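Peer 1: Following is a predicted model, sequence given first.
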Amino acid sequence: MTYDIRQYILVYPGGWTKGKVSAQVAHASMACITDQFTKEEEGTWWFRPSLETKEWLNGSFAKIVLKANSLQDIYEGFKFKYTTTIPVAMIKDNGATQPDKEAITIAIGPFDASAPVHADVVSWLSQFKLY
């Protein structure tokens, strides 16, 4: 069976430099993976990735970085965390290096973009242009 496993990263860059955007994209991507770790009471960490995450980690780590048109787009995309089984992570910068707190990044996935169950997510993401 062939899968189309990918991760989408949606950026609302505000006044960020390209270097800052790159860092925030990396943070969001990693957050989607590290959020799949759980910590036991005794301090042991367990990685319990979804099947799609396993496929992604064993594959090409495909990422598509898109530019959001507004903060509303970011918050709308974050809702997929609660309405799908897809991992979603949001990174809000603290403004320490570049003071623009309106700039936010979300990562959606990894997930199988060819799966009919995810068609609404892929359709929603298709409105955005590549960053």
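Peer 2: Yep, it's here. All figures in this text were calculated on a predicted structure; none of them were measured in a lab.

Peer 1: For residue 6, give its distance to residue 69.
Peer 2: According to CB to CB, to the nearest Å, residue 6 and residue 69 sit 21 Å apart. Any C-beta I mention is one placed from the backbone N, CA and C, and that applies to glycine too.

Peer 1: Pull the number of nearby residues for the closest residue to residue 114 other than its chain neighbours.
Peer 2: Nearest residue to residue 114, sequence neighbours excluded (CB to CB, 6 or more residues apart in numbering): residue 4, at 3.9 Å. Close neighbours of residue 4, defined as other CB atoms under 10 Å, add up to 13.

Peer 1: Touching, residue 4 and residue 110? I think so.
Peer 2: No. Between residue 4 and residue 110 there is no contact under CB atoms under 8 Å: 10.3 Å.

Peer 1: and residue 47, what is it in contact with?
Peer 2: By CB atoms under 8 Å, 6 or more residues apart in numbering, residue 47 lies in contact with 36-37.

Peer 1: Go through the protein and flag its longest helix.
Peer 2: Longest helix of the chain, by residue count under DSSP state H: helix 18-34.

Peer 1: Show which residues not belonging to that helix make contact with it.
Peer 2: Helix 18-34 has contacts (CB under 8 Å, 6+ apart) with 7, 9, 11, 13, 16, 49, 53, 57, 63, 65, 87-91, 93, 97-98, 103, 105-110, 131.

Peer 1: Filter those down to the buried ones.
Peer 2: Buried members of the contacts of helix 18-34, scored by 16 or more other CB atoms under 10 Å, are 7, 9, 11, 13, 16, 53, 63, 65, 87-91, 93, 98, 103, 105-110.

Peer 1: Fine, thanks again, bye for now.
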